[in-house]
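Chemist: fold the following, please.
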Amino acid sequence: MRSVTEKRSRSVAGQVFILQVAIVVLLVACGVIAVVLQSRHDSEREAVNRSIAAASAFARAPGLDDVLKEPDPSRTLQPIAELARKEAEVDFIVVMDTDGIRYTHPNPALIGKRFVGAIGPSLQGRIHIESVHGPLGHEVQAVVPVFERADDPSGRVVALVSAGMKVKNVTGVVARQLPIILGSGAAALAVAMGGTALVARRLRRQTHRLDAAEMARMYEHHDTVLHSVREGVLIVDGDGRLLLANDEAKRLLDLPPDAEGRRIPELPGLDPGAVELLASGRVATDEVLPSGDRLLAVSQRPTKGHDGPKGTIATLRDSTELQAVSDRAEAARERLRLLYDAGMGIGTTLDVVRTAEELARVAVPRFADFVTVDLADPVLRGEEPSGVAGSGMRRTAVAGIRSDAPLYPLGTLIDFLPSTPQARGFGSGRAEIVADLSEDQGWLAQDPERTPRVVEYGIHSLIAAPLKARGVVLGTASFWRSEKPEPFDEDDLSLAEELVARAAVNIDNARRYTREHALAVTLQRSLLPRALPEQSALEVAHRYLPAQSGVSGDWFDVIPLPGARVALVVGDVVGHGLHAAATMGRLRTAVHNFSTLDLPPDELLYHLDDLVGRIDQDESGTGVGAGVMGATCLYAIYDPVSRRCAMARAGHHPPALVRPDGGVDFPELPAGPPLGLGGVPFQTAELVLEEGTQLVLYTDGLIEDRTRDLDVGMEMLRQALAGHPDRPPEESCRAVLEALLPDRPKDDVALLITRTRAIPARHVAEWDVPVDPAAVAETRAAAAEKLDEWGLPELAFGMELVLSELVTNAIRYGSAPIKVRLLLDRTLTCEVSDGSSTSPHLRHAATTDEGGRGLFLVAQVAERWGTRYTGAGKVIWAEQPLPALVDHALPARPRLRARPTPRQGEPPARNPDAAPSTGP
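Modeler: Below you'll find the model as predicted:
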């Protein structure tokens, strides 16, 4: 004990000594700093004053104004300024004009150059002091004005004088004084340290000479601290004998009064684990040991490393309450982890059923042994619940630790009685606890056959929590307990409410998405073609596959055109949802409308591009929509007579051609920009296709994928099509989709596969018509003969009437060459072409008009008629139904006798667009 006291005394004395030295050093340092700062300030002040005095004296020197008026003031002023500079002990005196041009400078090479510094304040009559980086380095300078009259400070400034010193010369004074200052400080520090050392030595001597009272007081303090702390202390020697135990240790271990001096294994009441630890002497840190109904945290360390006797010191803490708190904290952490996992695991998809299943899975078995989720039946369809609370509930999700629980099975439509906790919670929007299901008569009354079996199965407690989101109750989640004997409590109820609150928002989001998705799907299906029109030019098969994310803007179309031609369209609007589907519908309708004008592919795409641009302008102007984010289109027209196919594309992938020999080509079509960009013209490419060629049109979802390059997708499409020239288009569609697409494509896909056909030459008749009215009769006769050859004599009268009108108009108002073509397909088509771009218009002639009824008669006889423009002029066509397709419900038309020649003497109309010929 004496050695410990001596060591501690020396340590205290040393600390006092160091503290005093530190204080002295700090005071000396502060004094040195203060002296240095004051000296530097005084030196700088002296330099400024010296500069002002030198500059002012030179500025007021007699005769200075006369020298300034000389032709070369520098010759006179330079030696005078240098002499004054040396006498004033400054580094420079510079005389300058009012523009700052130097007359003098210590460095003659700088005379005539601009002064470095601010001269504005001095030009206003003030003395200006500043610190600048000038020719001599970092300088402190004063600028003084030279007045026209030295005795009139308010007069005109005719020159400026600047004097100053370099900063290093100013600080040099301080540097010369610094050794003296530091020496004085060091001497003071030495004196202070000597005094401090004497005081510290005396303190150490006093500490070593403790008297009996001081020693007794020290031991009293030691005992007070040892027996007052809330921590047990045991000292055990190397032989396992208890040397010391404070009061807290005796209380915690229930030690007898004579425990000190006895060996550890001899002490009664100690737990075997505590005996083993205390007797072994091993190191331990917060090792939990039982002691009666307590849990003790024991830490043990050896004493041999502290100059003491060999043994161990052990400390004991009562951690019984801490363990209870720890258990509660662990339960709270587990609940937080459950809520975190619920936040991450519930709502991963916008599917109502999947979200309900995620809620059930995340709660089993960490919170409940069984979980059932019942949703109002309209919620599953995307609608809001309606009707009586608890009625019409569909069991949507079931999860449990076992699969044989006698609960309602999945998919059951349940009508909960008003007495059940599910119905009460659905109506009130608050969760309810049923501590004992066997005593809840309201729940037992739900199903007298099933509920007793549930209780017999071991399910004894229930929490029914309504799934409420945005003020609407969507259903009920039921949490069932069977394994734990204790029922659900209020903490469990709070956790259940947190779980269902998170899940309810996700279920409502999924419900809203389901409703919007159903609306979008309905809209898209109504906009896509439901059935392809009848035509003879192509054998057609098609597929449309929606994407995982829902509806989007892919579309396709097959549009019959006059002359047995067919237009093929495939397009894609970027994006998904209602906006993309609605835009697709607008573009598809526009293509139908433009196709009725019988425009070439490039002109049709031009009009479509202009339409998209106007849509963007309209929607951006209103701020309602986002416009068309991007759209592509491919438009092709196939003529089965000439077997020519004209195509143009707007940012779309080129089609694939499967030749009759099985080879596959991707024709190089001019790549136009996507729709809506404008400014770049579209170009039409024309191909001659052999009969039996397959034309494959598709959208980018077929060949593009994040996991593969575009070239890979194109090659996969080539391999899926190659080698099967005789395969029907329907089977080709199936083979292509199986080869290129997964089960659930990420993007929607439109695929259109056609096989070309050709109209036999015997079904086509053509004549060249001279520009002579007499040729009309010859044309009628040739047409009648051809109709007899085709077995259609009953159509001769109508066709002669149509030919007479159209050929007469071509001769009178058109230009050469004039051609007539009859085409036998699903209808009988008559085409009259000429080299003029003007076409007649249908009008209703008055009863007194002599002409103007020709096209009216054509419109009555023909089923359809119209005009299309070509590069060489125009074609006027008219269609008549074949006898097998004639609608007998129509009233019979009067048969008119055909005339061999056109009517003579009828005056030609002045405007062919307003007054067409009346016909034969």
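Chemist: okay, now the unreliable bits of the stretch 651-800 of the chain?
Modeler: Applying pLDDT under 70 to the stretch 651-800 of the chain flags the ranges 743-744.
Chemist: in it, which spans are strands?
Modeler: 656-658, 664-665, 671-672, 685-688, 694-698, 749-756, 764-769 (DSSP state E, counting those that start in this stretch).
Chemist: would you mind measuring from the residue nearest the centre of the chain to Asp554?
Modeler: In the chain, the centroid-proximal residue (C-alpha atoms, centre = their mean) is Gly575; its distance is 14.6 Å. Distance of Gly575 to Asp554, given as C-beta to C-beta, to the nearest Å: 11 Å. C-betas here are computed from N, CA, C, even on glycine.
Chemist: ok, Pro452 next?
Modeler: 57 Å.
Chemist: now Leu296
Modeler: Relative to Asp554, Leu296 is positioned 74 Å away (C-beta to C-beta).
Chemist: same check, this time on Val736
Modeler: 15 Å.
Chemist: and Met393, by the same measure?
Modeler: Distance from Met393 to Asp554, by C-beta to C-beta: 39 Å.
Chemist: have a look at these two and say which one is more surrounded.
Modeler: Asp554 (29 against 25; other C-beta atoms under 10 Å).
Chemist: strand partners of the strand or helix carrying that one, parallel vs antiparallel please.
Modeler: Per DSSP states H and E, Asp554 falls inside strand 552-560. Neighbouring strands of strand 552-560 in its sheet, by DSSP bridges, are strand 566-576 (antiparallel).
Chemist: now the angle from the partner strand to strand 749-756?
Modeler: 170 degrees (axes from the mean of the first three to the mean of the last three C-alpha atoms, to 10 degrees).
Chemist: output the contacting helices and strands for the first helix or strand past strand 566-576 going along the chain.
Modeler: Next in sequence after strand 566-576, counting helices and strands by DSSP H and E, comes helix 578-596. For helix 578-596, the elements it packs on are helix 490-527, strand 552-560, strand 566-576, helix 601-622, strand 631-639, judged by 3 or more C-beta pairs under 8 Å, 6 or more residues apart in numbering; DSSP states H and E.
Chemist: okay, these, which one's buried deepest?
Modeler: Stretch with highest mean neighbour count among these: strand 631-639 (a mean of 25; mean count of other C-beta atoms under 10 Å).
Chemist: so for the helix or strand just after that strand, what gets flagged as buried?
Modeler: Next helix or strand after strand 631-639 toward the C-terminus (DSSP H and E): strand 644-650. Of the residues in strand 644-650, 645-650 count as buried by neighbour count, 16 or more other C-beta atoms under 10 Å.
Chemist: and the helices in the stretch 51-200 of the chain?
Modeler: Using DSSP state H, counting those that start in this stretch, the helices of the stretch 51-200 of the chain run over residues 64-68, 73-88, 120-123, 167-208.
Chemist: which of these comes out lowest on mean pLDDT?
Modeler: Ranked by mean pLDDT, those bottom out at helix 167-208, which scores a mean of 64.
Chemist: wait, Ile559 touches Val569, no?
Modeler: Yes - counting by C-beta atoms under 8 Å, Ile559 touches Val569, with 6.9 Å between them.
Chemist: what touches both of these two?
Modeler: In terms of C-beta atoms under 8 Å, 6 or more residues apart in numbering, Ile559 and Val569 are both contacted by the residues Val591.
Chemist: what would the helices and strands packed on helix 578-596 look like in a markdown table with distance to Ala656 and mean pLDDT?
Modeler: Shown next, in a markdown table, are those (distance: least, C-beta to C-beta, whole Å; pLDDT from 0 to 100):
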| stretch | distance to Ala656 | mean pLDDT |
| --- | --- | --- |
| helix 490-527 | 25 | 85 |
| strand 552-560 | 15 | 89 |
| strand 566-576 | 12 | 89 |
| helix 601-622 | 18 | 82 |
| strand 631-639 | 12 | 95 |
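Chemist: okay if I get those as CSV plus distance to Tyr698?
Modeler: Converted to CSV, these look like this (distance: least, C-beta to C-beta, whole Å):
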stretch, distance to Tyr698
helix 490-527, 18
strand 552-560, 9
strand 566-576, 7
helix 601-622, 17
strand 631-639, 9
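Chemist: the ones you listed: which one's closest to Phe147?
Modeler: Closest to Phe147 of the helices and strands packed on helix 578-596 is helix 601-622 (C-beta to C-beta; 70.4 Å).
Chemist: identify the residues contacting the closest one?
Modeler: By C-beta under 8 Å, 6+ apart, the residues outside helix 601-622 that reach it are 583, 586-587, 590-591, 594-595, 599, 625-628, 631, 633, 635-637, 646-650, 672, 675-678, 681-684.
Chemist: try it again with 6 Å
Modeler: Contact with helix 601-622 is made by 590, 594, 625, 627-628, 635, 646-648, 650, 675-676, 678, 682-684, as judged by C-beta atoms under 6 Å, 6 or more residues apart in numbering.
Chemist: what ranges in the stretch 1-150 of the chain fall below the confidence cut-off?
Modeler: For the stretch 1-150 of the chain, the ranges with pLDDT under 70 are 1-17, 19-21, 24, 28, 31-32, 35-36, 38-43, 150.
Chemist: please enumerate the strands of it.
Modeler: 92-96, 128-134, 137-147.
Chemist: which of those strands sits closest to Arg402?
Modeler: strand 128-134 (88.5 Å).
Chemist: okay, the closest one in CSV with CA atoms only?
Modeler: Only the C-alpha atoms of strand 128-134 are listed here, as CSV (Å, rounded to 0.1, in the frame of the first residue of the first chain):
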residue,chain,number,x,y,z
HIS,A,128,-4.2,57.8,-50.7
ILE,A,129,-2.3,55.0,-48.9
GLU,A,130,-2.3,51.4,-50.2
SER,A,131,-0.3,48.2,-50.4
VAL,A,132,0.4,46.9,-53.9
HIS,A,133,2.7,44.6,-55.8
GLY,A,134,4.7,47.1,-57.8
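Chemist: all strands of the stretch 151-300 of the chain, in order?
Modeler: Going by DSSP E, counting those that start in this stretch, the stretch 151-300 of the chain shows strands at 157-166, 232-237, 242-245, 284-291, 294-302.
Chemist: ok, which of the ones you listed comes nearest Leu857?
Modeler: Minimum separation from Leu857 across those (C-beta to C-beta) falls at strand 157-166, 108.2 Å.
Chemist: distance from the closest one to the middle of the chain?
Modeler: Computed by C-alpha atoms, centre = their mean, to the nearest Å, the chain-centroid distance of strand 157-166 equals 66 Å.
Chemist: equivalent analysis for stretch 690-700, please.
Modeler: 38 Å.
Chemist: hmm, who's touching that stretch?
Modeler: Residues contacting stretch 690-700 (C-beta under 6 Å, 6+ apart): 554, 568, 570, 572, 655-656, 658, 660, 750-756, 758.
Chemist: what does stretch 339-354 give?
Modeler: So stretch 339-354 is contacted by 355, 358-359, 362, 380, 396, 498-499, 502-503, 506-507, 510-511, 513-514 (C-beta under 6 Å, 6+ apart).
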